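Need a 3D model of the following:
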Amino acid sequence: MGGHLNINHLMFLGQGALWTIGLSLIALIGGGIVGFVIALARISPLKSVRLASAIYVQLIQGTPLLVILFLGYFGLAAIGLKVSPLVAAGASLTLYVAAYLGEIWRGCIQSVPKPQWEAAEGLALSRTQRMVKVILPQAIRIATPPTVGFMVQIIKNTSLASVVGFVELMRSGQIVNNSLFEPFAIYAIIAVTYFAMCYPLSLFSQRLERRMGRGRSNLAPA
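Below you'll find the predicted structure:
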């Protein structure tokens, strides 16, 4: 690299953007799986399970993501466990996303109207059957808009992965800037790229929320 901003620099930034998307997907899928378990644990009939899941959520939500990334990369290396930047960033973001999605989804599950729970119990369904056949289908519909909206936060939070050496969009911009010393142009491109990734998700989330609002209005008693 070197000289003036050219197509090679833009391609390098494009590769960083692809890694940002990839890391976001890893965090969303991994965090979604763990978050679903957390959501179910938060409403478990067992007090010990509810307490353990609540401690996890409070611990993760009360810890800055930057600290989690440092612990996942430098902390493990300090005790002899060396992991790649991708593994450290993916695992750290997965734990972080799981705590937030778990709470979002717990709220959505509990927001299913109480008569639906009572009706499921009246059909003599087991707890698992009630969740699978009655509660979760409705909760998924409620959870979709906030989940899509939270994806915007996931994408933006991947920029912190640069601190452990993972070359996503922000880190690739730092590398290009160290070569060209044109921070305004480079970070303007990065900002536009993040906007291009996040804004459509924001619009989609708002559209889903409006659709949900209309659906609830139609179901409301006259």
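
low-confidence ranges in the protein?
Scanning the chain for pLDDT under 70 picks out the ranges 1-3, 213-222.

Helices along that one, start to end?
7-42, 47-61, 65-70, 76-78, 85-110, 114-122, 127-130, 136-157, 169-180, 183-219 (DSSP state H).

Okay, angle between the first one and helix 47-61 too, please.
What it means is helix 7-42. 150 degrees (axes from the mean of the first three to the mean of the last three CA atoms, to 10 degrees).

Report the buried residues of helix 7-42.
9, 12-13, 16-17, 19-20, 23-24, 26-28, 30-32, 34-35, 38-42 (16 or more other CB atoms under 10 Å). C-betas here are computed from N, CA, C, even on glycine.

what does the third one give?
Counting neighbours by 16+ other CB under 10 Å, one finds that the buried residues in helix 65-70 are 65, 68-70.

on that earlier part again, would you reformat the helices of the chain as TSV and include distance to residue 163?
Listed next are the helices of the chain as TSV, based on distance: least, CB to CB, whole Å:
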stretch	distance to residue 163
helix 7-42	13
helix 47-61	18
helix 65-70	6
helix 76-78	14
helix 85-110	9
helix 114-122	44
helix 127-130	42
helix 136-157	12
helix 169-180	9
helix 183-219	16
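
Pick the most deeply packed of the ones you listed.
Neighbour counts (mean count of other CB atoms under 10 Å) averaged over each of those peak at helix 85-110, with a mean of 22.

other SSEs contacting it?
Applying 3 or more CB pairs under 8 Å, 6 or more residues apart in numbering; DSSP states H and E, we find helix 85-110 packed against helix 7-42, helix 47-61, helix 65-70, helix 136-157.

Let's have the ones you listed in TSV, adding distance to residue 76.
TSV is the format used below for these (distance: least, CB to CB, whole Å):
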stretch	distance to residue 76
helix 7-42	17
helix 47-61	17
helix 65-70	10
helix 136-157	20
